[in-house]
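K.L.:
here's a sequence, model it:
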Amino acid sequence: MSAHDHGRRAGAVRESPLSPGLDRARTALVLIDLIDRMIALPLAPHPGPRVLDAALGLARTFRAAGAPVVAVRVRRAGAPDQPPGSDLVAEIAAVADLVVVKHTVGAFQDTGLHDRLRERGVRTLVLAGIATNLGVESTARAAADLGYGLVFAADAMSGLTAAEHQSSVALDFPRFGTVVRASEVEFADG
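P.N.:
Reported below is the predicted structural model:
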């Protein structure tokens, strides 16, 4: 039995929140670790600047729809001084409605993110960022456990290796939500 067959048997096929389009009042964009030092890494399959461009395109779509943009950045616990380049990329900071500082791999653990999303009525998340199989996937797993509908913008994220990225995108993310290109993220009319 293949992983795909197992997923079908386990009921992993989910209705896409993209059909007929995202609900602007109940959807947030969550951008993971788009900080200068992460963008500068030798990422694959998408270089950091390309990930940043795709993420900024998504942010513009969300801003135009009046839907919230959440930027998440890591802060190393117990380190009084963070490594150079640990701040959000300036363009991401400028479009963020909410900034969350995490101390773990995922964005939900002890950050208040879930409560802040609930206050806004958010039930669906569009995820992007770095690294696909680390911060993005850890955030997705927690979000799925909390009952969020999930959309993954595969070209607005990247891994430390192409194999790690592809494994998450092809094997794991379809079990939690819908995988699309950033250009396919659209809001319903109205």
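K.L.:
when you work out contacts or count neighbours from here on, use the C-alpha atoms and nothing else.
P.N.:
Will do.
K.L.:
okay, now Glu119: neighbour count?
P.N.:
Look at Glu119: counted by other C-alpha atoms under 10 Å, it has 9 neighbours.
K.L.:
now do the contacts for it.
P.N.:
Taking C-alpha atoms under 8 Å, 6 or more residues apart in numbering, we find Glu119 in contact with no residue.
K.L.:
for it, grab phi and psi.
P.N.:
Glu119 adopts backbone torsions of phi -60, psi -30, taken as degrees, to the nearest 10.
K.L.:
low-confidence ranges, the chain, go.
P.N.:
Residue ranges of the chain with pLDDT under 70: 1-15, 190.
K.L.:
top helix in it by residue count?
P.N.:
For the chain, the helix that runs over the most residues, judged by DSSP state H, is helix 48-65.
K.L.:
how about that helix as PDB, C-alpha atoms only?
P.N.:
Backbone C-alpha positions of helix 48-65 (Å, rounded to 0.1, in the frame of the first residue of the first chain) are rendered in PDB as follows:
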ATOM      1  CA  GLY A  48      15.600  32.900  -0.700                       C
ATOM      2  CA  PRO A  49      15.000  36.000  -2.900                       C
ATOM      3  CA  ARG A  50      12.500  34.000  -5.000                       C
ATOM      4  CA  VAL A  51      10.700  32.800  -1.800                       C
ATOM      5  CA  LEU A  52      10.600  36.400  -0.500                       C
ATOM      6  CA  ASP A  53       9.200  37.700  -3.800                       C
ATOM      7  CA  ALA A  54       6.400  35.000  -3.800                       C
ATOM      8  CA  ALA A  55       5.700  35.700  -0.100                       C
ATOM      9  CA  LEU A  56       5.400  39.500  -0.800                       C
ATOM     10  CA  GLY A  57       3.000  38.700  -3.700                       C
ATOM     11  CA  LEU A  58       0.900  36.700  -1.300                       C
ATOM     12  CA  ALA A  59       1.000  39.500   1.200                       C
ATOM     13  CA  ARG A  60      -0.200  42.000  -1.400                       C
ATOM     14  CA  THR A  61      -3.100  39.700  -2.300                       C
ATOM     15  CA  PHE A  62      -4.100  39.500   1.400                       C
ATOM     16  CA  ARG A  63      -3.700  43.200   2.000                       C
ATOM     17  CA  ALA A  64      -5.900  44.000  -1.000                       C
ATOM     18  CA  ALA A  65      -8.500  41.600   0.300                       C
END
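K.L.:
show me what the helix or strand that that helix is followed by is packed against.
P.N.:
Note on helix 48-65: by DSSP states H and E, the next helix or strand toward the C-terminus is strand 69-74. If you count contacts as 3 or more C-alpha pairs under 8 Å, 6 or more residues apart in numbering; DSSP states H and E, strand 69-74 packs onto strand 27-32, helix 48-65, helix 90-95, strand 98-102.
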